[in-house]
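**Student:** Got a predicted model here, sequence first, then my questions.
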Amino acid sequence: MNFGRFFDATRFVFAWRRALPLLAALIFWMPQAQIARADQGMEMRVRDLAIRLDAYVTKGMKDFDNPGAAVGIVTSDKLYFLKGYGVRKKGGEPVDTKTVFQIGSTTKAFLATTMAIAADRGKLDWNARIVDLDDAFEMKDPWVTREFRVSDLLAQHSSMPPSANDLMGILGVEQAGMVRAMRFVEPVSSFRSAFAYTNVTHMLAQRIVARQFSATDWDSVVRKEIFEPLGMQNSSFTAEAIQAAPNHTEGYRWTPQGSVEVPFTPLFPYGFGAAGAINSTIEDLGPWVRLHLANGKFEGREIVSAKNLAVTKTPRTGMNETLTYAMGWVIQSTPNGRIVWHNGGTTAYGAFIGMAPDKDVGVIVLTNETNVGLPDALGEWILDRLLGNPEIDHVAERLKTARAGYQQEEKVGSPPAVRQPATVLAPLAGDYVNDSFGHAKVSEDGAGLSVGILATGAKLKLADQGGQAFAITLVPEGRFQGIAENLGPTPIGIAQFEVDQSGGIGGFTFISGDNGQKYPFMRK
């Protein structure tokens, strides 16, 4: 199971070619007379696009079996176009502009903005060392521990593998444990040298922001500094909050055979905090995009300085030949204008927020289905049309990618072509320990082997692949019922048991199906 796709800003990228990077501060400068002319022209473009937009969104939703969506376009300092499509749940009430969705990793830009506000007030220095702000912080490499700065937290170049420690959160480990376990993660590159999309660094960042504001938690900082000034009254941070909202969508897991409704679970995305926990609406996100298009001002009031907001949009890490990552934003050039964007994906929702700052236009797309490409494709297509870029059917391209990805995931845990002899199970039972997860107990019963993670209560079913290798799935029971339904039947990894020098079982390695991260469990 590819957990990384649920918060991934890299899997569904634009096909536009990028020009040479510019300084972020220059991205947002434009003479006022030119802005006025651009506003008028963009309003006309948005108005002219409306009919084609309806048809494209409706067809895309049908192709992906996506029950509901909401789309907004911001220009001229207002939410110029906003509309709900489809239904909150299959057979249910229609989506409107006040319907609440999960917004996934587009939450990361909120974190970056709270950091910029903290910098405005002298509470945070972009160049400060993390060890000076959080004495519990530690990476595997002591040099990286000493050199890790505030500006590195959201830049996605930590040296850890993509989605590092995400599996821990899925299996119930709290944020503090996920952050602490960064010290056990083997680096896969040198520090700051390669892009690798992680969530755990954002959990550390939110802890630092809350501390610098003397706040109880990061959520309270966002409410006070962003939600309240922008009037985002229907935005929240928990599973309980979205369920309590009278006008909310139900979430769906995408499959090629059709989408499947799944329950809300506090474990995901809410256990990941500032990496992806916000719930919101098109109407609430309109002011958020207006704030960014106005360089930190909203209705005449400065919420965050243009200077520090520009820092969050400064390119920091190359993703590939066409994209760079900043802090909670992806930066990209197109034939007709520069784009600043980020997508969001949870197990049952998708989102896209993108802007062309020098053209004074922003796009918001929310969907109630796993983001396997639909919200990205819709946002990309809309921006293409508004900027006059070449016309590409992005929905069709993303659907091909989604189907191919699903087939690839189904191979995880599939029996090998050459079957090894069945594993003798009894010698594998016993107590094991891992630095990140703590104590685990392997048990044999009539159904085979299972692993219990004692600290969280998660139970894992092991399906024998032969050769002392097992496919791992999460057992849907207790507080893990919901997340297991969200993940579906695909294995979340492989367990490989190892023989020690005396011929006995010395331990096993839990290899995450998401990123190949290895969690070694030693026999007690």
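**Tutor:** Perfect, thanks for sending it. Numbers count the residues shown, from 1 in each chain.

**Student:** what pairs with the spatially closest residue to Pro427 that is not a sequence neighbour across the strands?
**Tutor:** Spatial nearest neighbour of Pro427, chain neighbours left out: Ile505 (5.5 Å); criterion: Cβ to Cβ, 6 or more residues apart in numbering. C-beta: built from backbone N, CA, C; applies to glycine. Per DSSP bridges, the residues bridged to Ile505 are Val499.

**Student:** burial count for Ile505?
**Tutor:** When neighbours are counted by other Cβ atoms under 10 Å, Ile505 registers 18.

**Student:** hang on, it packs against Leu428?
**Tutor:** Yes: with contact defined as Cβ atoms under 8 Å, Ile505 counts as touching Leu428 (5.7 Å).

**Student:** Need the residues touching each of those two.
**Tutor:** Phe497 (Cβ atoms under 8 Å, 6 or more residues apart in numbering).

**Student:** what's near enough to touch the residue nearest to Pro427?
**Tutor:** Pro427, Leu428, Gly430, Phe497, Glu498, Val499, Arg523 are the contacts of Ile505 under Cβ under 8 Å, 6+ apart.

**Student:** what stretches of this protein score poorly on pLDDT?
**Tutor:** 1-40, 412-420 (pLDDT under 70).

**Student:** tell me which residues of whichever helix in it runs longest are tucked away?
**Tutor:** Ranked by residue count and defined by DSSP state H, the top helix of the chain is helix 32-64. Going by neighbour count (16 or more other Cβ atoms under 10 Å), the buried part of helix 32-64 is 38-39, 42-43, 45-46, 49, 53, 56-57, 60-61, 64.

**Student:** before we move on, what about stretch 517-524?
**Tutor:** For stretch 517-524, using 16+ other Cβ under 10 Å, the buried residues are Gln517, Tyr519, Pro520, Phe521, Arg523.

**Student:** which residue packs closest to Leu454, ignoring adjacent ones?
**Tutor:** His439 (4.4 Å).

**Student:** Name the SS class of the one you found, please.
**Tutor:** strand (DSSP: H, G, I helix; E, B strand; the rest coil).

**Student:** Bridging across strands, which residues link to it?
**Tutor:** Val433.

**Student:** Could you check how far it is from Val475?
**Tutor:** 18 Å (Cβ to Cβ, to the nearest Å).

**Student:** With Gly506 instead?
**Tutor:** From Gly506 to Val475 the distance is 25 Å (Cβ to Cβ).

**Student:** Please apply the same query to Ala326.
**Tutor:** Taken as Cβ to Cβ, the span from Ala326 to Val475 is 40 Å.

**Student:** Tell me which of the two has more neighbours.
**Tutor:** More neighbours surround Ala326 than the other of Ala326 and Val475, with 23 against 15 (other Cβ under 10 Å).

**Student:** Need phi/psi at the closest residue to that one other than its chain neighbours.
**Tutor:** Among residues not flanking Ala326 along the chain, Lys313 sits closest, at 5.0 Å (Cβ to Cβ, 6+ apart). Main-chain torsions, Lys313, degrees, to the nearest 10: phi -110, psi 10.
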